[in-house]
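Engineer: A predicted structure for the sequence below; I have some questions about it.
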Amino acid sequence: MQQEVIIAGFGGQGVLFAGQLLAYAGMDAGKAVTWIPSYGPEMRGGTANCTVVISDEEIGSPFVMNPTAVMAMNLPSLDKYEQLVKPGGTLVVNASMVNRAVERDDITVVSLPANDIAEALGNKRAVNMVMLGALLANSDILSLEAIEDALANHLPERHQHLLPANKAALEKGAGYKAVPA
């Protein structure tokens with residue numbers, strides 16, 4: 001089985017870190033993985049996205065035309081990637097930054113106020129973990145435990161004190177389920 005995920009948003013939202021963490025978790029689970037970051041020269045506030053492919057077999061190409069899942073952390077990302085999600089795939093939308101409904105009814109849609117959730121948890125920078133938790137809870141990419149283990153194993157020492165906050169954000173996001181079409 002191969003899962004192709006695009007995570008997209010503004011620079012500074014933790015888009016690349018969320019993708020890198022997903023890739024590490026896949027590697028730790030013994031899967032073949034690729035992670036390709038893409039960002040504008042302005043970084044914080046500009047566009048950022050990454051593509052993660054996780055597979056049980058060798059990956060033929062790291063480039064993805066129709067991902068099985070997309071995390072859209074803002075409106076421009078939803079506008080760009082909504083139509084690309086493979087039918088039957090999963091789309092996770094940050095309702096805190098998106099002011100329109102998803103138009104498709106052939107995919108699983110999870111809409112959650114990720115910024116509001118992160119702020120309520122006391123960590124505005126945990127939006128990416130809230131979104132990642134929702135993605136994992138509504139797809140069969142990897143388990144939440146695999147991501148939590150990857151956080152513990154790959155988070156730099158200087159950021160280890162953030163483990164409890166990141167885990168809380170993942171778990172809070174995992175509580176959001178898809179809205180029936």
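Structural biologist: Yep, that arrived.

Engineer: Quick one: the helices in this protein, in order.
Structural biologist: Applying DSSP state H to the chain gives helices spanning 15-28, 75-81, 114-120, 127-137, 144-154, 163-174.

Engineer: which helices and strands does the first one pack with?
Structural biologist: Same thing as helix 15-28. strand 2-10, strand 32-39, strand 47-55, helix 127-137, helix 144-154 (3 or more CB pairs under 8 Å, 6 or more residues apart in numbering; DSSP states H and E). (Glycine included, C-beta is placed from N, CA and C.)

Engineer: which of those sits most buried?
Structural biologist: Among these, helix 127-137 has the highest mean neighbour count (mean count of other CB atoms under 10 Å), at a mean of 28.

Engineer: average model confidence for that one?
Structural biologist: For helix 127-137, the mean per-residue pLDDT is 97.

Engineer: Show me the contact partners of that helix.
Structural biologist: With CB atoms under 8 Å, 6 or more residues apart in numbering as the test, helix 127-137 has contacts from 5, 7, 13-15, 17-18, 21-22, 69, 71, 73, 90, 92, 94, 96, 110, 112, 114-115, 117-118, 121, 141-144, 147, 166, 169-177.

Engineer: possible to save the helices and strands packed on helix 15-28 as TSV with distance to residue 104?
Structural biologist: TSV is the format used below for these (distance: least, CB to CB, whole Å):
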stretch	distance to residue 104
strand 2-10	15
strand 32-39	23
strand 47-55	19
helix 127-137	17
helix 144-154	26
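
Engineer: For PyMOL, write a command that selects the buried ones of the contacts of helix 127-137.
Structural biologist: Command for PyMOL, covering only those of these found buried under the criterion 16 or more other CB atoms under 10 Å:
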select buried, resi 5+7+13+14+15+17+18+21+22+69+71+73+90+92+94+96+110+112+114+115+117+118+121+141+142+144+147+166+169+170+171+172+173+174+176
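
Engineer: what residues are up against residue 5?
Structural biologist: With CB under 8 Å, 6+ apart, residue 5 has these contacts: 19, 22, 51-54, 67-71, 135, 141.

Engineer: repeat that with 10 Å
Structural biologist: 18-19, 22-23, 26, 35, 50-54, 64, 67-71, 89-90, 92, 132, 135, 139, 141-142 (CB atoms under 10 Å, 6 or more residues apart in numbering).

Engineer: ok, now residue 61?
Structural biologist: Counting by CB under 10 Å, 6+ apart, the residues that residue 61 touches are 34, 53.

Engineer: and if you look at residue 159?
Structural biologist: 151, 166.

Engineer: Residue 91 too?
Structural biologist: Neighbours of residue 91 in contact, by CB under 10 Å, 6+ apart: 67, 69-72, 78, 81-82, 84-85, 102, 104, 107-111, 135, 138, 178.

Engineer: just residue 28 next, same as before
Structural biologist: Residue 28 neighbours (CB under 10 Å, 6+ apart): 142, 146-147, 149-150, 153-154.

Engineer: Perfect, I'm done here.
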